[in-house]
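[1] Quick check, what structure comes out for this input:
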Amino acid sequence: MSGPVPKRSDQRRRRNAPQTPVDTAEASTEVTIPDADEAWHPVALQWYLSLGDSGQSVFYEPSDWAVAFLIAESISRDLQPQFVGITEQGEVVRERIPMKGASLSAYLRAMTVLLATEGDRRRARLELQRASETDADEDAAVAALDDYRRRLSS
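    The predicted model follows:
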């Protein structure tokens with residue numbers, strides 16, 4: 001979906017039915033996440049590992065993890081020292097060079113496919129909810145109010 005990022009469902013006023021129905025299919029219950037390569041550049045390693053901790057990864061299939069692995073491998077190679085020339089003595093010179101804008105753009109597009117950012121997930125109409133921690137005092141207060149409401153209505 002193009003255009004601005006949609007609001008979260010709890011921020012929308014209208015709750016129309018979706019224009020396009022959603023098709024579903026059975027997915028495998030066991031998905032093996034490929035191990036990260038510890039030799040990757042720290043930025044690529046951090047990104048890949050963060051996917052496993054992200055909520056949308058519960059929807060990932062083996063092919064999604066393969067794409068993520070490929071992206072991390074490519075990012076790592078781009079961030080490693082690159083060949084820049086050969087000295088007069090015949091030694092290879094490698095230096096860190098800035099990532100090209102086209103490479104960064106390609107990585108960001110690939111990450112969009114994996115719904116790696118909040119905006120990407122909203123465009124795909126996927127919202128993640130953090131599990132709220134229960135507060136014993138708040139639970140007790142709600143129970144007391146429910147009991148009070150029941151006694152008043154009797």
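[2] Hmm, residue 41 and residue 81 touching each other?
    No: taking C-beta atoms under 8 Å as the definition, residue 81 is not a contact partner of residue 41, at 10.3 Å. Placement of C-beta: from N, CA and C, glycine included.
[3] Which one of the two is surrounded by more residues?
    Legend: neighbour count by other C-beta atoms under 10 Å for residue 81 and residue 41, higher for residue 41 (17 against 10).
[4] What distance do you get for the more buried one to residue 63?
    24 Å (C-beta to C-beta, to the nearest Å).
[5] any idea which residue sits dead centre in this structure?
    The residue lying closest to the centre of the chain (C-alpha atoms, centre = their mean) is residue 116, at 2.8 Å.
[6] Please report the distance of it from residue 51.
    Taking C-beta to C-beta, one finds residue 116 at 7 Å from residue 51.
[7] quick revisit: quick one: secondary structure of the residue nearest to the centre of the chain?
    Three-state assignment for residue 116 (DSSP: H, G, I helix; E, B strand; the rest coil): coil.
[8] again with residue 52
    Quick answer, by three-state DSSP: residue 52 is helix.
[9] can you list the weak-confidence ranges in this protein?
    For the chain, applying pLDDT under 70 flags the ranges 1-2, 5, 7-25, 27-28, 132-136, 154.
[10] mind running it again at 80?
    1-29, 129-149, 153-154 (pLDDT under 80).
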